[in-house]
Every structure is written in structure tokens, then in C-alpha cells.
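Asks: got a sequence here, can you build the structure:
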Amino acid sequence: MTHKLKTSHLLLGFLFALVPLGFLACAGSANEHADEEETQSTEALAPPDPRMPLLDSAYNDLLRRCEADEPTDSIRPLLTDSSLLWIRDIENAAATESRAILENRPFNEELSIVTYRTLQRDNRLAGVRKDSLLYLSAGPNGLVHAVRTLELGPFQIRNNRGSRGLATSPLVPIIFFQWVDNRWLLDVVATMPVITRGMETVALKKNWTNSHTILYWLESSYRNQLKNPVDSTLLDPVN
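Replies: Model (predicted):
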């Protein structure tokens with residue numbers, strides 16, 4: 001059974017849209033910013049990559065399908081295999097992993113799992129039995145749409161990876177594509193850590209644990225929007 005993508009502002013859309021854009025602006029390292037001018041000069045001498053029109057087309061096709069509420073079966077072929085495996089792993093972890101296991105995951109994965117559990121406990125996933133994480137990710141206000149609302153620079157291609165950054169820092173990417181079998185596919189695995197890096201940096205500066213940071217952010221972001229409060233029970237599977 002396929003599901004129309006009619007749910008807005010959920011999961012990855014939340015993760016992206018609600019993270020202050022200042023976090024994205026500082027997503028790159030100081031070295032990345034320092035090397036931008038040199039890299040731009042080097043790449044200006046290189047001939048245009050013939051795959052660039054295909055990258056623009058893949059990005060626009062993904063946008064079109066997401067915003068047209070196409071079924072998840074139409075979106076799956078536009079993601080890398082590793083992205084689809086990651087989505088499946090996050091769904092399984094949300095259903096099964098205890099707090100002790102969860103807290104050993106990278107920040108972006110723990111954030112995705114706890115957010116998923118938050119929506120599940122709030123009955124936002126009722127009736128969604130297939131590709132539920134993808135269903136929540138690719139809606140009209142999902143990950144790609146949220147990226148589109150930003151002022152972006154041009155695509156860059158290095159080897160088999162395509163990326164796009166903010167207009168103010170075009171060589172510090174915030175979204176990634178991978179060249180696979182002569183086509184460009186969205187790489188969610190590479191994109192997610194960049195999106196959440198700012199939040200993780202704030203946690204380090206405040207000397208907060210990942211779990212505390214995630215629960216604090218969710219409570220602040222979803223206040224008055226959820227039926228159930230955000231609390232530490234979300235660090236364990238929702239019954």
C-alpha cells in the first residue's frame with residue numbers, strides 16, 4: 001500500500017526547518033571557510049562537468065515529486081541505497097532500541113529516532129504502515145523543500161559527489177547527491193549530520209549530553225503542538 005505525502009512539517013522537515021539557520025551558517029569548519037577562495041580559483045580553471053545539468057535535473061525532479069504529493073514508491077528510486085538502509089535502520093531503532101543503546105548513536109541519528117518516537121507517541125503516524133520515515137521526510141515541507149526555502153549557491157561536483165551550500169558560503173555544503181549508475185541520487189546519510197551539526201556544537205559548548213540537548217530542543221520546538229509532553233521516556237521505545 002502506498003501513501004500520499006500529505007503530512008506537512010514532520011520529522012526531517014522539522015529537523016531542518018526548526019533548526020535556526022544560524023546553525024547552518026556555521027556548519028562548515030574554519031578550515032573549510034579559509035580554503036574557499038583558493039578552491040574557487042582552482043575550480044574556475046577546470047572545464048564544466050558534463051554531469052552538472054543532470055544534477056540540476058535530479059534536484060528539480062526530487063522537488064517536483066515531493067511537492068506533488070507523489071507516493072513514496074516514486075521517491076525511493078531517487079535516494080541512494082545507503083539512504084534507504086539508513087531510513088530502515090532509524091525506523092527499527094525507534095521501535096526497539098533502549099536508552100543505553102540509543103545514547104551511543106551519533107547525534108543526528110539519536111535526534112531522528114527521538115523525534116520519530118515523539119511523533120509516534122503523539123499519534124502522528126496513525127495509518128502509515130509502509131515507508132513511514134520516508135513518508136514523513138518527503139512531504140511538502142520535508143527535507144528537500146526546506147532546503148529550497150534557503151538562499152542557495154550553485155551546485156558543486158567533486159568526483160562522484162554533488163553538493164550545494166548556502167549562497168553566502170557556497171563551498172560549505174548542506175545537501176549531498178551521489179553519482180550512481182549514471183544518475184544523481186540524494187544522499188541522506190551525508191546530509192543529515194551537516195544539518196544537525198550546529199545543534200551538536202551548541203551542546204558541546206554548554207556541556208550538555210546529546211539526550212538532554214535533544215529533549216530540550218524538542219520541548220522548545222513543539223511546545224503547545226503536541227498532545228503528550230516531551231520527556232525522558234522518549235529515550236526508550238514507545239509502547
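
Asks: number of residues surrounding Glu151?
Replies: By other Cβ atoms under 10 Å, 8 other residues sit near Glu151. (Glycine included, C-beta is placed from N, CA and C.)

Asks: hmm, Ser169 and it touching each other?
Replies: No. Counting by Cβ atoms under 8 Å, Glu151 does not reach Ser169; the two are 10.9 Å apart.

Asks: show me the strands in the protein, by range?
Replies: 152-158, 161-166, 169-180, 183-186 (DSSP state E).

Asks: the third one packs against which elements?
Replies: Helices and strands in packing contact with strand 169-180 are listed as helix 30-44, helix 52-67, helix 143-148, strand 152-158, strand 161-166, strand 183-186, helix 188-206; criterion 3 or more Cβ pairs under 8 Å, 6 or more residues apart in numbering; DSSP states H and E.

Asks: in the longest one, which residues are buried?
Replies: In this case it means helix 188-206. 188-192, 194-200, 202-203 (16 or more other Cβ atoms under 10 Å).

Asks: from these, which is closest to Asp49?
Replies: Lowest distance from Asp49 to the buried residues of helix 188-206 (Cβ to Cβ) belongs to Ala190, with 18.7 Å.

Asks: tell me what the nearest residue to the closest one once chain neighbours are set aside is bridged to.
Replies: Nearest-residue entry for Ala190: Phe176, 4.0 Å, with adjacent residues in sequence omitted and distances by Cβ to Cβ, 6 or more residues apart in numbering. On the basis of DSSP bridges, Phe176 is bridged to Ser163.
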